[in-house]
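S.K.: build me a model:
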Amino acid sequence: MLAGAGAAAAQARRSEPRIRVALVPSATVAMVGATGPWRVYAADGKTLLFRPSARDRWRFEPVGGRVRGASQSGLSLPARSGGVVLRPVDSTARLIVDGKRYRGEIGVTPAGQALLVINRLALESYLRGVVPLEIGRRLPNEMAAVRAQAVAARSYAHTRIRTSVGRPFDLVGTVSNQVYGGSDAETALTDSAIVGTRGVVLRYRGAPVDAPYHASCGGRTAAASELYGAGAERPYLPSVSDRIPGSDAHYCDIYPRAEWSRTIEARDVNAALEKYLRDYVAGLRGGAGRAVAVEEAGRTPSGRVAALRIRTDRGTHVVQGNNARFVIRPPNGEILPSTYFSAESVRGPGGALARVTFRGRGNGHGVGMCQWGAIGRARAGQSWQSILQTYFPGTRLETIY
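M.R.: Numbering: from 1, shown residues only. So this is what the prediction gives:
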């Protein structure tokens, strides 16, 4: 009995998990087709409702907290409270949602007065649509960075699967979690990296690691506490130098936008404060006021801005850590690339604020793996295992299936 239970447990560990990706968390309509014959099932995934052909497209929309559908061929699906499951007949076929192709199956369920569109598929298949978009188009001599990215993305997704029990999806397919492009994003090089690291994740003292990453650290990564706050220390996420030994250069200096600047005019600073400040400053009452000065308020151990002090004619507002990137934005809504910056307030005639200029390095929150640093290390001949253990010290690489 014990031997049998052990074998069953081992088999469970070897089973590849499935992941639920929210493609559109709140849609007003979903257009679905396929590259081959497909089927429409009830929410249980077993009760067959329709047999669309490869040429048939369906339109699904929310109606009173239910899902209603209609096909181009004239078929009609009465509103259903549980939604529908859409599945290709042939495993080589892809479902098409709003013009993008996806492996696996699609669930369309009601979400209040909108639709929730979810792609359910095997974890390795999901990674094929993530890794190319997260690491970019790479060359064969950069394969170690691509494999490191595959492991980091797999580890991140694996932790979301483990912690999302009771929720309708595990993660969203955007920068909020990991950018996911479905099968249209797949490339031969990234597919090879995923196959070459199949089932490998990072663990620390036996527990899964979510393995955060960012585009460029600007020379040194940030410790977890710098992003998540005091008390959120993670031993495997310290501040790590990206300096190339024996030089003043860094592995991530090859990032095309390693240094950046943004100049934002006073009228746009004020507009941004009115639009965004209350999301990042607790207890803000009334308007933010007109900006008088924007100042740095301390530095973190890795050299990033610890907080941004914004003085207005209605008081002083302090925005902590990474939130500083989101408060002062140009008219297009673009956030500041990183908190590795200096801020200079320029005054005009009469002493009024004229503009604020930010000058900085790097891109992203700065915690975990520096992607351009990983690319630089790969070009220098470092292995994917070495890259991961540099950015996530103390972790172990384990094959879980």
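
S.K.: so where's this protein shaky on pLDDT?
M.R.: 1-13 (pLDDT under 70).

S.K.: does the residue located most distally from the centre of the chain sit in a helix, a strand or a coil?
M.R.: The C-alpha centroid of the chain is most remote from residue 350, which lies 44.7 Å away (Cα atoms, centre = their mean). Secondary structure, DSSP: H, G, I helix; E, B strand; the rest coil: residue 350 is helix.

S.K.: and residue 77, by the same measure?
M.R.: Taking three-state DSSP as the rule, one finds residue 77 in the strand state.

S.K.: ok, which stretches of this protein are helices?
M.R.: Taking DSSP state H as the criterion, the chain carries its helices at 2-14, 123-128, 131-135, 143-163, 188-196, 224-228, 266-276, 324-327, 371-379, 384-391.

S.K.: tabulate these (JSON lines), appending distance to residue 363.
M.R.: For glycine as for every other residue, the C-beta is placed from the backbone atoms N, C-alpha and C. Listed next are these as JSON lines, based on distance: least, Cβ to Cβ, whole Å:
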{"stretch": "helix 2-14", "distance to residue 363": "37"}
{"stretch": "helix 123-128", "distance to residue 363": "22"}
{"stretch": "helix 131-135", "distance to residue 363": "13"}
{"stretch": "helix 143-163", "distance to residue 363": "15"}
{"stretch": "helix 188-196", "distance to residue 363": "21"}
{"stretch": "helix 224-228", "distance to residue 363": "14"}
{"stretch": "helix 266-276", "distance to residue 363": "20"}
{"stretch": "helix 324-327", "distance to residue 363": "10"}
{"stretch": "helix 371-379", "distance to residue 363": "8"}
{"stretch": "helix 384-391", "distance to residue 363": "16"}
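
S.K.: was I right about residue 259 contacting residue 342?
M.R.: No. Checked against Cβ atoms under 8 Å, the pair residue 259 and residue 342 is beyond contact range at 11.6 Å.

S.K.: rewinding a little: winner for burial among the helices of the chain?
M.R.: Stretch with highest mean neighbour count among the helices of the chain: helix 371-379 (a mean of 26; mean count of other Cβ atoms under 10 Å).

S.K.: dump that helix to PDB, restricted to CA.
M.R.: Extracted C-alpha coordinates of helix 371-379, given in PDB (Å, rounded to 0.1, in the frame of the first residue of the first chain):
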ATOM      1  CA  GLN A 371      16.900  40.100 -18.700                       C
ATOM      2  CA  TRP A 372      19.400  42.200 -20.600                       C
ATOM      3  CA  GLY A 373      22.000  41.200 -17.900                       C
ATOM      4  CA  ALA A 374      21.100  37.600 -18.700                       C
ATOM      5  CA  ILE A 375      21.600  38.200 -22.400                       C
ATOM      6  CA  GLY A 376      25.000  39.800 -21.700                       C
ATOM      7  CA  ARG A 377      26.000  36.900 -19.500                       C
ATOM      8  CA  ALA A 378      25.000  34.400 -22.200                       C
ATOM      9  CA  ARG A 379      27.100  36.300 -24.800                       C
END
